[in-house]
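**Q** sequence and predicted structure below; questions after.
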Amino acid sequence: MPGEDELIQLRREKLARLRARGVDPYPARVARTHATVDAAAALEGWEAGGGAGDPPSVAVAGRIVSRREMGKASFVDLRDGSGRIQCYLKRDVVGEEAYDDLADLDLGDFALVSGPLFRTRTQEITVEARSYQVIAKALRPPPEKWHGVEDVEIRYRQRYLDLMANAEVRDIFRTRAAVVAAMRRYLDAQGFIEVETPVLQPEAGGAAATPFVTHHRTLDEDFYLRISLELHLKRLVVGGYDRVYEIGRIFRNEGVSWKYNPEFTMLESYQAYADYNDVARMVEDMVSGIARGVLGEAAVRFGEQHIDLTPPWRRITMRDALIEHAGIDFQEYRTREKLLEEMQRRHLEVDPGWSWARLLDEAVSHYVEPKLVQPTFLLDYPKEISPLAKLKPGEPGIVERFEVFIAGFEIGNAYSELNDPVDQRERFETQARLAAAGLEEVETLDEDFLVALEHGMPPAGGLGIGIDRLVMILTGQTSIREVILFPQLRRRE
């Protein structure tokens, strides 16, 4: 069997022969009249109307995915973005020269086929070709002759081959697009307006994460790729927009795993005169509605789990969840030393230099998160790990925050937003002291945001939802790389 280099050379020779015969294998325009699915619908409509007169004629275009020769006739299957259709080409109809040119067409090439529609004896809708045109000659063979691409390295690095060969992968990304469109429709209907905020920012604020750094040559300043949408969206609430949202790319210079990618897509929304309870109700209503609209039901299967997205979702405080699943009451371990000692006693792998907040977060990740399979709001976090959230009345040291978990991992985060500029400044300064002590992944003090807050921001509920993780849930994918078209990979040698 010839190797890839030999196959490429054979295709180049065919390309040269086509050109030598005056055929332009890459024409500037294509006179397509129907997508393949529309062509099929045209024949079905004609049949439903009684089949009076001539059957409809079409010009369909697509990639050649199958070809079968039968003496002086050939069957060619074309696939475009809507589906596949069979084409029937006869030597005495398309002409001797044109039919001979078929020898120089390969799987993977693109062609335009024109002619009336009919059904074969097996009832397959087919174009009876009156003419055809090569519209793009492929110089490399398709993956495994359309039997699918299974090599993960190839699938992620050359996603076009994955999409070309694997119909289920194409369906995942169609679903992703439908999810984002449904989310926009929902928020627009609730009176939110969509906005755009800067990707390049002088301060990497709004989250505790390690940023990517770049340099602006004209300004001669370093900028950060945003790690959050939050602080600019809150500026807009200060400015008078009561409901705003953005769906945008976020960049965090951190690890890569089944649920982490260095760049990902986030929805963030901010609603004036609301708190985290209002946001929770919106989340369960929005996500269940998206599932019904896109999938047809408010239920999904994730691995072996059947997940019911129908509201209301379970609500449990972080404190109660840790007591339930680990027997740890964090109120009894309010110093870093006591919590570290307890986690070491339990043989958890923790860094002795971690802060109290980081240790607590690790305890939740280890003991609680894997148990939250059905949709769950984990409520009321310690102030130390939520520097942008408002204090909960009557509960010292606790803020009004929730994270939402499905299938054992987080898909969203929300607060009753802190709008006290004095308290906010103090919390940022505490974070700055932690950073000066050598701790990474702490909130950055953003002076411009604090000035904005000092002009007055109404009470508000804020939300962040990871689009990629939500799509994982709705499509049953256990790796974030399956729902990102071009995931981040180490450069090939």
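**A** Alright, I've got the coordinates. Residues are numbered from 1 along each chain as shown.

**Q** what about stretch 184-202, average pLDDT?
**A** Average pLDDT, stretch 184-202: 97.

**Q** meant to ask about stretch 54-71
**A** 95.

**Q** excluding covalently adjacent residues, which one is nearest to R67?
**A** Among residues not flanking R67 along the chain, V76 sits closest, at 5.1 Å (Cβ to Cβ, 6 or more residues apart in numbering). Every C-beta, even on glycine, is put in place using the N, C-alpha and C of the backbone.

**Q** and if you look at E324?
**A** I316 (7.7 Å).

**Q** the one you found should be in a strand, yeah?
**A** Yes. I316 forms part of a strand when assessed by DSSP: H, G, I helix; E, B strand; the rest coil.

**Q** now do the contacts for it.
**A** Counting by Cβ atoms under 8 Å, 6 or more residues apart in numbering, I316 touches 324, 376-379.

**Q** grab the longest helix from this structure for me.
**A** Ordering each helix of the chain by length in residues (DSSP state H) puts helix 167-189 first.

**Q** packing partners for the next helix or strand after it?
**A** Under the assignment DSSP states H and E, the closest C-terminal helix or strand after helix 167-189 is strand 193-194. When contacts are defined as 3 or more Cβ pairs under 8 Å, 6 or more residues apart in numbering; DSSP states H and E, strand 193-194 packs onto helix 167-189, strand 243-251.

**Q** just for this structure, where's the confidence low?
**A** Applying pLDDT under 70 to the chain picks out residues 1, 144-150, 437-442, 493.

**Q** domain assignment for the chain?
**A** 4-141, 163-313+374-482 (automatic domain parsing).

**Q** out of those domains, which gets nearest to R346?
**A** Evaluated over the domains of the chain, closeness to R346 peaks at domain 163-313+374-482, with 19.3 Å, by Cβ to Cβ.

**Q** how far does that closest one stretch from start to finish?
**A** 11 Å (Cα to Cα, to the nearest Å).

**Q** most packed of the domains of the chain?
**A** domain 163-313+374-482 (a mean of 18; mean count of other Cβ atoms under 10 Å).

**Q** centre of the chain to that domain, how far?
**A** Taking Cα atoms, centre = their mean, to the nearest Å, one finds the center of domain 163-313+374-482 at 14 Å from the center of the full chain.

**Q** kindly report the same for stretch 127-137.
**A** 36 Å.

**Q** what's in contact with it?
**A** Residues contacting stretch 127-137 (Cβ under 8 Å, 6+ apart): 11, 14-15, 18, 23, 25-27, 30, 39, 57-58, 60-61, 85-90, 93-94, 98, 101, 105-106, 109-118.

**Q** among those residues, which are located in strands?
**A** 57-58, 60-61, 85-90, 110-118 (DSSP state E).

**Q** so W354 makes contact with E362?
**A** Yes. The pair W354 / E362 is scored as a contact, 7.4 Å apart, by Cβ atoms under 8 Å.

**Q** return the list of helices and strands in contact with the helix or strand where V471 lies.
**A** Secondary structure from DSSP H and E places V471 in helix 467-475. On a contact count with 3+ Cβ pairs under 8 Å, 6+ apart, helix 467-475 meets helix 167-189, strand 263-272, helix 276-295, strand 299-302, strand 409-416.

**Q** now these in a markdown table, with distance to E369?
**A** What follows is the helices and strands packed on helix 467-475, written out as a markdown table (distance: least, Cβ to Cβ, whole Å):
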| stretch | distance to E369 |
| --- | --- |
| helix 167-189 | 23 |
| strand 263-272 | 18 |
| helix 276-295 | 17 |
| strand 299-302 | 14 |
| strand 409-416 | 6 |
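
**Q** looking at those, which is nearest to I480?
**A** Nearest to I480, of those and by Cβ to Cβ, is strand 263-272 at 7.5 Å.

**Q** the closest one pairs with which strands, parallel or anti?
**A** Next to strand 263-272 in the sheet, as set by DSSP bridges, lie strand 243-251 (antiparallel), strand 460-466 (antiparallel).

**Q** tell me what angle the first one forms with helix 167-189.
**A** If you take axes from the mean of the first three to the mean of the last three Cα atoms, to 10 degrees, strand 243-251 sits at 150 degrees to helix 167-189.

**Q** renumber starting at 11 from here on
**A** I'll keep to 11 as the first residue from here, and by that count the last item is strand 253-261.

**Q** contacting residues around strand 253-261?
**A** Against strand 253-261 from outside (Cβ under 8 Å, 6+ apart): 190, 193-194, 197, 200-207, 209, 221-222, 235-239, 243, 246-247, 272-282, 477.

**Q** same thing but at 6 Å, please
**A** 197, 201-205, 207, 222, 235, 239, 243, 246, 273-281 (Cβ atoms under 6 Å, 6 or more residues apart in numbering).

**Q** and for the last one?
**A** Outside strand 470-476, the residues within contact range by Cβ under 6 Å, 6+ apart are 247, 276-282, 284-286, 288-289, 421-427.

**Q** ok, now how distant is V409 from R437?
**A** 10 Å (Cβ to Cβ, to the nearest Å).

**Q** in a strand, E359, correct?
**A** No. Counting by three-state DSSP, E359 is located in no strand; its state is coil.

**Q** so what's V248 up against?
**A** Per Cβ under 6 Å, 6+ apart, neighbours of V248: 462, 465, 467.
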